[in-house]
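K.L.:
Sharing a sequence plus its predicted fold:
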Amino acid sequence: MTVRIEHAGITTVQDRGRVGWAHLGVPTSGAADRASHALANRLVGNSPHAAAFETSGGLIVTALRNLTLVVTGADCDAFVDDTPIRRCVATVVRAGQRVRIDRVRDGMRSYLSVGGGLLGPQLLGSQSHDTLSGIIPLLLAGGIEIGNGPHHGPTTSLDVVMTARRTARLQLQPGPHLELLSPDTRAHISRHSWVVSPLSNRIGIRLTTSSLTVSVAGELPSIPLIRGAVQLTPGGELVVMVADHPTTGGYPVIGVVDSKDVDGLVQLPPGNSVMVDSNF
């Protein structure tokens, strides 16, 4: 075993997810911010698919043997014992030392990757914790120990910290139900500012605005959903599908957001404003 969880905080284990199970209703899941997850693995010398910790703070682990780690994603207060960890820098941790990510300060999610990748139990070919379907190969709690795979390296460090992207402007491509919306509704979507709702999570990022009336004639059959699909709810909210999104949905899908914008959107704390650039 490589690390022991002392306190999990708001933390899950995430890799690149469960690809190929959508036809059975199983979400892909995986890292919410794919770019930051991939960067952490690249810098520590892992495969981009390796499992890592995704945390919003409160994570404390003890190294059970010498290891190398990298922290990326949102700016956070991270330490080895009482020594601050520089983000995007490969850091050697000795057996017995404690690694802490106390809080995330500028963004929503940080990534802690160890050399060799976390090596825990899998379900359907992935270690990812899926908050929608309840597929949880390893529920993190105090006392849990996790191993790692072979670490072949090499490690790399960045001279300049790469801060997690935060998207305040979404590039929205037309979706299959766009024609069901009135011209006024289409215009409202791109002319008004949207606000990230506190009800946002790993399933979807909810965006709210004011004075939007939604009128769609008849009921819609459920259709497949992908990461970045944007649904318009009867209450006038936009819901952008992210890591743990359902595989189908019945609300109008009015557009699709580029994958890079999804990475940035999941790092926006509630209350932040978002503008929508559409080709409507």
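P.N.:
That came through fine. Nothing here was measured: the structure is a model prediction, and the numbers come from that model.

K.L.:
Run through this protein and note the low-pLDDT ranges.
P.N.:
The chain contains residues with pLDDT under 70 at 215-219, 279-280.

K.L.:
Which parts of it belong to which domain?
P.N.:
Domain ranges of the chain: 3-148, 169-278, per automatic domain parsing.

K.L.:
then the helix or strand hosting A187 to PDB, C-alphas only?
P.N.:
Using DSSP states H and E, the element containing A187 is helix 183-191. Output of helix 183-191 as PDB, limited to C-alpha atoms (Å, rounded to 0.1, in the frame of the first residue of the first chain):
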ATOM      1  CA  PRO A 183     -36.900  33.600 -31.400                       C
ATOM      2  CA  ASP A 184     -37.300  35.600 -28.200                       C
ATOM      3  CA  THR A 185     -36.100  32.600 -26.100                       C
ATOM      4  CA  ARG A 186     -33.100  32.100 -28.300                       C
ATOM      5  CA  ALA A 187     -32.200  35.800 -28.200                       C
ATOM      6  CA  HIS A 188     -32.600  35.800 -24.400                       C
ATOM      7  CA  ILE A 189     -30.100  32.900 -23.900                       C
ATOM      8  CA  SER A 190     -27.200  34.800 -25.600                       C
ATOM      9  CA  ARG A 191     -28.100  38.400 -24.500                       C
END
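
K.L.:
Which is the succeeding secondary structure element to that helix?
P.N.:
Next element after helix 183-191 (DSSP H and E): strand 194-196.

K.L.:
burial of G204, as a residue count?
P.N.:
By other CB atoms under 10 Å, 25 other residues sit near G204. Where you see a C-beta, it was placed from the backbone N, CA and C, and this is true even at glycine.

K.L.:
looking at it, it is touching L238, isn't it?
P.N.:
No: here G204 does not reach L238: they are 9.4 Å apart, not a contact under CB atoms under 8 Å.

K.L.:
any common contacting residues for those two?
P.N.:
Counting by CB atoms under 8 Å, 6 or more residues apart in numbering, the contacts common to G204 and L238 are Q231.

K.L.:
re the thing from before, which elements pack onto the helix holding A187?
P.N.:
strand 273-278 (3 or more CB pairs under 8 Å, 6 or more residues apart in numbering; DSSP states H and E).

K.L.:
now the strand it packs on: how far from the chain's centre is it?
P.N.:
Strand 273-278 sits 20 Å away from the centroid of its parent chain (CA atoms, centre = their mean, to the nearest Å).

K.L.:
Sheet-wise, list the partners of it with their directions.
P.N.:
strand 169-174 (parallel), strand 194-196 (antiparallel) (DSSP bridges).

K.L.:
Need the winner for burial among those strands.
P.N.:
Most buried of those, by mean neighbour count (mean count of other CB atoms under 10 Å): strand 194-196, with a mean of 20.

K.L.:
and for that strand, what are the contacting residues?
P.N.:
By CB under 8 Å, 6+ apart, strand 194-196 touches 205-209, 238, 265, 268-276.
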